[in-house]
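A.B. asks: have a look; sequence and predicted model below, questions after that.
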Amino acid sequence: MDDLVGKLTSLHTSLIDARSGYEEGLKDAHGKGLAPLFSELIALHEQGVGAIALQLQRLGAPVDEDGSLMGTFDRVVMKVTSLFTELDEKIIPSLVDGEQRVLVHYDEAIKASSPDRPEYSILIAQRDALRNTIAQLSERATQA
């Protein structure tokens, strides 16, 4: 159970970090370029944050909404990138890389769970939605 809580906590933090990075990107996009994509990704990760927080609470684990040092780093990178270049299609490969890191956290949480556990189907559904998003982003990157 401790392994499951640890993996869910890591996933939760990863989702918060990703959401925070996209929120910074959305501010820096000033409603242009990738702003609609950032909004979609914020919504996807916000849903994940909420669902995983509920699972952590169900397991009696504390829920931290602050994210990690890596999330701070991601926000700084997004801010610096926006200072030197537009947040446009050129950064999509970086977004794909970031989303694949989140996907690893989903896979680890799924491995720590089992099909008979309540969180399992939630993790599978969220992971599949993220995989679909990554596929769409990858396709968009190849067309750019």
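C.D. replies: Yep, that arrived. Numbers count the residues shown, from 1 in each chain.

A.B. asks: give the other helices and strands that the longest helix along the chain contacts.
C.D. replies: When the chain is scanned for its longest helix (criterion: DSSP state H), the result is helix 2-29. Judged by 3 or more Cβ pairs under 8 Å, 6 or more residues apart in numbering; DSSP states H and E, helix 2-29 is in contact with helix 35-58, helix 69-84, helix 92-112. Heads up, the C-betas are built off the backbone N, CA and C, glycines and all.

A.B. asks: adding mean neighbour count and mean pLDDT, write these out as JSON lines.
C.D. replies: Shown next, in JSON lines, are the helices and strands packed on helix 2-29 (neighbours: other Cβ atoms under 10 Å; pLDDT from 0 to 100):
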{"stretch": "helix 35-58", "mean neighbour count": "18", "mean pLDDT": "96"}
{"stretch": "helix 69-84", "mean neighbour count": "15", "mean pLDDT": "50"}
{"stretch": "helix 92-112", "mean neighbour count": "18", "mean pLDDT": "95"}
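
A.B. asks: could you dump these to TSV with distance to Asp28?
C.D. replies: As requested, the helices and strands packed on helix 2-29 are exported to TSV (distance: least, Cβ to Cβ, whole Å):
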stretch	distance to Asp28
helix 35-58	9
helix 69-84	4
helix 92-112	14
